[in-house]
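Asks: Sequence plus the predicted model coming up.
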Amino acid sequence: YDVFVPENANGAGIVYMESGGWLSIWVDPERRQATFEPLLTEGFTVFAVHHGSAPRFKVPEAVSDVRAAVRHIKKHALEHGVDANRLGVWGGSAGGHLSLMLGLDPEDKPQVASGQGRMGANYAVSADDDARVAAIVAFYPPVDIRNRVGPSERFPALDFPKDQADAISPILFVSKDDPPTKLIHGDADELVPLADSLILSEALEKAGVTHELLVV
């Protein structure tokens, strides 16, 4: 991950998922500076996280990678002038999916209702380290991977065994202790339908989680 440090840090950090179609392309940080300038101006420190990309790596591996990143960021937050308890996650599309997995399932919850086991992972830091985040912002996120998994020419990251889909479907991990969540979605989106955010918003409402859905 790359770290963008503001001149006047407010002690809070934003972990941004560099991911589209679970493809994570590294770009020279100087070229990305403008993207994060509004956040930096407000004093937020931004962590731009990359994961192993499609087609070599699949969605479960991307989830493992960003979990490892959050653990590492929290463990070293003070070195970047950030309070580890004031970290939010943000991403769009596949990045929104990853943000939801980080916020709704920091791997300290019971197994999903279907009984599928937890994902395995090789972390750079202990998997027992705290991975909870304080807030989630997800733009047009796919929330149920179970109906998307399988061979895909456009999204090769979805070509993995179907029995792994439960463990990476955010809709299955909503609970009352989830962090505040903001969803932003377009009503003309034909790739990730608005229905994804609607069903997640309904689940968050039912669980009593502070949330907002902005439909564009």
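Replies: Cool, got the structure.
Asks: neighbours of the nearest residue to residue 10 once chain neighbours are set aside, just the number please.
Replies: Leaving out its chain neighbours, the residue that sits closest to residue 10 by CB to CB, 6 or more residues apart in numbering is residue 43, at 3.3 Å. For glycine as for every other residue, the C-beta is placed from the backbone atoms N, C-alpha and C. As a burial measure, residue 43 scores 14 neighbours (other CB atoms under 10 Å).
Asks: Of all residues in this structure, which one is nearest the centre?
Replies: Nearest to the mean C-alpha position of the chain, counting by CA atoms, centre = their mean, stands residue 99 at 1.5 Å.
Asks: What is the burial count for the residue nearest to residue 160 when sequence neighbours are not counted?
Replies: Spatially, and ignoring its direct neighbours in sequence, residue 160 is nearest to residue 58 (4.2 Å; CB to CB, 6+ apart). By other CB under 10 Å, the residues close to residue 58 number 20.
Asks: shouldn't residue 58 be in contact with residue 165?
Replies: No - Residue 58 is not in contact with residue 165 according to CB atoms under 8 Å; the separation is 10.8 Å.
Asks: hang on, the earlier thing: which secondary structure element is home to the residue nearest to the centre of the chain?
Replies: Secondary structure from DSSP states H and E places residue 99 in helix 94-104.
Asks: Output the contacting helices and strands for that helix.
Replies: strand 13-17, helix 59-75, strand 87-92, strand 135-139, strand 181-185 (3 or more CB pairs under 8 Å, 6 or more residues apart in numbering; DSSP states H and E).
Asks: how does it look with 7 Å?
Replies: On a contact count with 3 or more CB pairs under 7 Å, 6 or more residues apart in numbering; DSSP states H and E, helix 94-104 meets strand 13-17, helix 59-75, strand 87-92, strand 135-139.
Asks: Indicate which one of the ones you listed is closest to residue 151.
Replies: Among those, helix 59-75 comes nearest to residue 151, with 13.2 Å by CB to CB.
Asks: Buried residues of that closest one, list them for me.
Replies: Across helix 59-75, burial judged by 16 or more other CB atoms under 10 Å covers 59-74.
Asks: quick one: low-confidence ranges for this structure?
Replies: Along the chain, the model assigns pLDDT under 70 to residues 108-129.
Asks: if I look at the closest residue to residue 152 other than its chain neighbours, how far off is residue 137?
Replies: Computed as CB to CB, 6+ apart, the closest residue to residue 152 that is not its neighbour in sequence is residue 158, at 4.6 Å. As for residue 158, its distance to residue 137 is 23 Å (criterion: CB to CB, to the nearest Å).
Asks: swap in residue 106?
Replies: Taken as CB to CB, the span from residue 106 to residue 137 is 16 Å.
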